[in-house]
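Quick check, what structure comes out for this input:
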Amino acid sequence: MAALIPEQIQGAIFLAGRSEALLADEAGYGKTAQAILAADLTVSQTILVLTTSSARINWLREFDMWSPNNRPAFAAMTTTCEIPRKADVVVVGWGNFLSAGIWRQLQARRWDALIAMLSRRGWDP
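Model (predicted):
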């Protein structure tokens, strides 16, 4: 597992201490790592990540890099995919999130944490 700098740890603690929070650090500062650490600090087992379509696979790599918890993870790459029930981390692009099939599967589960990421342009399905 990689190491975080003190400011990133503080950001993760900030997130973990709130039921709702916005982390708006500069691009490239490590917001993904902070969000993952916050999920670990809150002992979140099931985590739904909503992100840009281009970042889905990166989130899987980042969970491997930053979390020692080895949660089974899955990235929904199509609107018709079947999300495995054993996947504790599910990463969905904004465009797929809005599809009826994905939405139904996500709604049928209980999520301990929701991480929603936007690009600099905002909405990027």
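
switch to C-alpha atoms for all contacts and neighbour counts from now on
OK.

after the lowest-mean-pLDDT helix or strand in the chain, next one along is what?
When each helix and strand of the chain is scored by mean pLDDT, DSSP states H and E, helix 94-97 comes last, with a mean of 89. For helix 94-97, the succeeding helix or strand toward the C-terminus, using DSSP states H and E, is helix 100-107.

List the buried residues in that next one.
101-102, 106 (16 or more other Cα atoms under 10 Å).

Tell me who's in contact with the residue nearest the centre of the chain.
Closest residue to the average C-alpha location of the chain: residue 49 at 3.1 Å, with Cα atoms, centre = their mean. By Cα atoms under 8 Å, 6 or more residues apart in numbering, the residues touching residue 49 are 89-92, 114-117.

hmm, try it at 10 Å
35, 56, 59-60, 75, 89-94, 113-117 (Cα atoms under 10 Å, 6 or more residues apart in numbering).

Residue 4: which of the buried residues of helix 100-107 is nearest?
residue 106 (30.8 Å; Cα to Cα).

I am finished for the moment; much appreciated.
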